[in-house]
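*Asks:* Attaching a predicted model along with its sequence, questions to come.
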There are 2 protein chains.
Amino acid sequence: MKIIRGGITAPKGFVCGAARAGLKKKGDDVCLIYSLFPAVADGVFTQNQVEAAPVTVSRAHLRQDLLAQAVIANSGCANCCTGERGLKDAARMAAAAARHLGIKKEDVLVASTGVIGRYLAIRKIEKIMPGLVKKLNQKNSLQVAKAIMTTDTFAKEYAVEIKVGHQANVRIGAVAKGAGMIHPNMATMLCFITTDIYISRRALKSALQAATARSFNAVTVDGDMSTNDSVIILANGAAGNQLVDKDDREFKVFAQALELVMKELAAMIVRDGEGATKFIEIEVKHCPSEWQALKIGRRIASSALFKTCVYGGDPNWGRVAAALGSAGVRIKRDRFDIYLGRRQVVKNGVTLGVDKSELKDAFRGKEVRVCVDLKMGRESATVWTCDLTEKYIKINAQYPT
Amino acid sequence: MKIIRGGITAPKGFVCGAARAGLKKKGDDVCLIYSLFPAVADGVFTQNQVEAAPVTVSRAHLRQDLLAQAVIANSGCANCCTGERGLKDAARMAAAAARHLGIKKEDVLVASTGVIGRYLAIRKIEKIMPGLVKKLNQKNSLQVAKAIMTTDTFAKEYAVEIKVGHQANVRIGAVAKGAGMIHPNMATMLCFITTDIYISRRALKSALQAATARSFNAVTVDGDMSTNDSVIILANGAAGNQLVDKDDREFKVFAQALELVMKELAAMIVRDGEGATKFIEIEVKHCPSEWQALKIGRRIASSALFKTCVYGGDPNWGRVAAALGSAGVRIKRDRFDIYLGRRQVVKNGVTLGVDKSELKDAFRGKEVRVCVDLKMGRESATVWTCDLTEKYIKINAQYPT
């Protein structure tokens, strides 16, 4: 596996572009990703029951047709709590892109991010569409990454190249946005992934779901779950490999690469968490199931008390223990171990009495590591989060509505 | 019902006192509440699986015997993650009080609050016990309330008097501590309640459980659940009323009064939330069950994004909608209404397009009210929380370990 440049246009047969429709205060706010060939497509969307209109429309388009050829997205307006009119606006957004690209509207997926409860300025988007379509080329990945930013402080893109069998170089590229409202079950987070692998739909679905669980669903910034979360993947088969299905050996290679790409973007989102100063890795080992390990990891990662003490550099592992016990997963209270960095502080549920002076460096660096060992099984999970700081409060107390 | 002075010594037959053992940096840190007569007792304790030793000991003492006569509590050390030694220390704490009071050790309940992972300085507590027992009198309720404070900024006590039948004036008194780590399922929170009603154990249990659900389990400060939460009630029968059982008319009068006392203390805890500047009331109406209404209310009350925008005075109701949809309770997305203060902003899941200028006062005052109407049933719940501020971060980044 090789890390390469080019983001979402690194894979063959993809072009993209961004433009300004005037939805957010400055900069580009609409972007379009287009595959020159019909692509096998899939998506993972928010589990929030107050689902934004573009999510509803994208789900419907994916149900109607296993293929897709474009993704149109905007920042500056979430198009959520907008009822029938919102659904029409999202459908019009897809239709406008389809019309100018000369494809079916069902082959366009839609995503939005921004303020909830405002109607989309759909005419502004329709107006810039011809110009946006003309702009599409293979060099615009970074512009797309920038156009979907809200409170993000840096653009997020990544791409890798892998060998699939002896035949072909396959590429995977992605852009993402995150920053606030990031939480398991998909964060307010958009991620668009392109790949030129030739793959079956069921194999693509399986790889996407596994990778989502271990990447975007394993990070949290503030415990809030958005109405707009969407991870969308298009696989256009332009690499020229033989069809990869779920049982093929090549499938594993692709699935691992996809997981890596999504983990890299998830980590960027955490590093760019609103107000974050530290990157926190929580490893939960030896659980009966991976699902339980993730649940415990997320609970610790969501504890405001834990995240503030990491910010303060205070090695107060009691907050890890308290979060562990309240995760809603059955544990053995006389068996669990806790480590701060490499230093063990709890053995079989009992403090080792490690002096605070010996732990003072545990939460001091930019990268903090906590490990909880339940000694109850074979499954593990790693969850990433960031510290909770005064700056998070400042950003969110003043987010423009 | 009449609000009266005297806190936990307002009811007949109770004395209390506090003393300094040197567990926290300054001030009294051990307190003792004693009923002159054996009292019917009950408790509600943390659901955190990493349960502190005093919780385990108190549960055991309540199982062995329906009566209790004293509560001994300390601040400055949680006695949690302390294994066998912690259990022995908690048992010794009860035994020391029992010995000097001349009662059985099973009739003493124990509570601790403070840092997790340190052993209790049990000898210091044993040493001050004779002096503490001598100090017991009817005027010390406020000292007890102060001795259990950790990051609390004011002492919390309350008492009421009610008529039970035509016979007797019954009193209920209580002290509590809270401040941080406050969350449904019992917050790091201690509350000791005394009453002189003559009541059956099953009636007392029923009243305590209902009142806990609507008071301490309906408040949240930061979403963290402590290892030490304990609500303990002693009912010594000194009021001289006829025995009250669950089916008696008088039971309702008592249950309502108990609920009121506990709600008052819960509200004080929220007002004293770490760094709080505003009191937030979230009403969730017309749910299929009270339990679901509480779950939705708690989810909104736990949203860091919602709490920071209240702090910032920004009427960003989208954060209420996002939290509502992620509570894990099935809702109808084309039916719910949202109100900020008295102003409706969402009808049947769709924005009413109320201009921000008309909403600017909604989150400006010291008291903020949000109402969500699901229009799906007959049950409602009210949850209280506070805003999330920079000061919360400062307090918790520097909590002494």
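*Replies:* Yep, it's here. Numbers count the residues shown, from 1 in each chain, chains lettered A, B, ... in the order given.

*Asks:* contacting residues for the residue of the stretch 101-250 of chain A found nearest chain B?
*Replies:* Closest to chain B within the stretch 101-250 of chain A is A:I116: 2.5 Å, counting by CB to the nearest CB. For every residue, glycine as well, the C-beta is placed using N, CA and C. Applying CB atoms under 8 Å, 6 or more residues apart in numbering or on different chains to A:I116 gives the contacts A:52, A:78, A:80-81, A:227, B:316-319, B:321-322.

*Asks:* from these, which is closest to B:W384?
*Replies:* Distance ranking of these against B:W384, using CB to CB, places B:R319 first at 17.6 Å.

*Asks:* what's A:N169 in contact with, if anything?
*Replies:* A:161-163, A:239.

*Asks:* Give me the distance between it and A:D245.
*Replies:* A:N169 sits 20 Å away from A:D245, going by CB to CB, to the nearest Å.

*Asks:* just checking, A:A238 touches A:P11?
*Replies:* Yes. The criterion here is CB atoms under 8 Å, and A:A238 meets it with A:P11 at 7.1 Å.

*Asks:* Settle it for me: which of those two has more neighbours?
*Replies:* Using other CB atoms under 10 Å in any protein chain shown as the criterion, A:A238 and A:P11 rank with A:P11 on top: 29 against 22.

*Asks:* Report the mean confidence score over stretch A:198-211.
*Replies:* Confidence for stretch A:198-211, expressed as mean pLDDT, is 96.

*Asks:* can you check stretch A:174-185 too?
*Replies:* For stretch A:174-185, the mean pLDDT works out to 66.

*Asks:* Can you name the residues of the stretch 201-350 of chain A that neighbour chain B?
*Replies:* The stretch 201-350 of chain A comes close to chain B at residues A:222-227, A:302-306, A:308-309, A:311-319, A:321-326, A:330-331, A:333-334, A:345-346, A:348-350, as judged by CB under 8 Å from any CB of the partner chain.

*Asks:* Name the SS class of the residue of the stretch 101-250 of chain A closest to chain B, please.
*Replies:* State at A:I116, reduced to three classes by DSSP: H, G, I helix; E, B strand; the rest coil: coil.

*Asks:* rewinding a little: need the contacts of A:N169 in a markdown table (columns: pLDDT, neighbour count and secondary structure).
*Replies:* As requested, the contacts of A:N169 are exported to a markdown table (pLDDT from 0 to 100; neighbours: other CB atoms under 10 Å in any protein chain shown; DSSP: H, G, I helix; E, B strand; the rest coil):
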| residue | pLDDT | neighbour count | secondary structure |
| --- | --- | --- | --- |
| A:E161 | 97 | 19 | strand |
| A:I162 | 96 | 21 | strand |
| A:K163 | 93 | 14 | strand |
| A:A239 | 95 | 22 | coil |
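
*Asks:* What segments of the stretch 201-350 of chain A are helices?
*Replies:* Along the stretch 201-350 of chain A, counting by DSSP state H, counting those that start in this stretch, helices occupy A:201-214, A:249-271, A:290-302, A:304-311, A:318-325.

*Asks:* For the stretch 1-150 of chain A, which segments count as helices?
*Replies:* A:53-64, A:83-101, A:122-135, A:141-147.

*Asks:* Which one of these lies nearest to B:H286?
*Replies:* Among the helices of the stretch 1-150 of chain A, the nearest to B:H286 by CB to CB is helix A:83-101 (19.9 Å).

*Asks:* can you put the helices of the stretch 201-350 of chain A in CSV and add mean neighbour count?
*Replies:* Below are the helices of the stretch 201-350 of chain A laid out as CSV (neighbours: other CB atoms under 10 Å in any protein chain shown):
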stretch, mean neighbour count
helix A:201-214, 19
helix A:249-271, 21
helix A:290-302, 23
helix A:304-311, 28
helix A:318-325, 28
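
*Asks:* Mind telling me which of those the model trusts least?
*Replies:* helix A:304-311 - the lowest mean pLDDT of the helices of the stretch 201-350 of chain A, at a mean of 86.

*Asks:* Show me what it is packed up against.
*Replies:* Contacts defined by 3 or more CB pairs under 8 Å, 6 or more residues apart in numbering or on different chains; DSSP states H and E place helix A:304-311 against helix A:318-325, helix B:390-397.

*Asks:* what residue ranges in the stretch 101-250 of chain A score low on pLDDT?
*Replies:* A:179-188, A:221-225 (pLDDT under 70).

*Asks:* re earlier: between A:A238 and A:P11, what contacts are shared?
*Replies:* Shared contacts of A:A238 and A:P11, defined by CB under 8 Å, 6+ apart, comprise A:D196.

*Asks:* Okay, buried residues for stretch A:231-242 please.
*Replies:* A:231-239, A:241 (16 or more other CB atoms under 10 Å in any protein chain shown).

*Asks:* Endpoints of that stretch, how far apart?
*Replies:* Using CA to CA, to the nearest Å, the end-to-end distance of stretch A:231-242 comes out at 26 Å.

*Asks:* for stretch A:42-52, same thing?
*Replies:* 18 Å.

*Asks:* anything in it near chain B?
*Replies:* Yes. Legend: contact between stretch A:42-52 and chain B by CB under 8 Å from any CB is shown at A:47-51.
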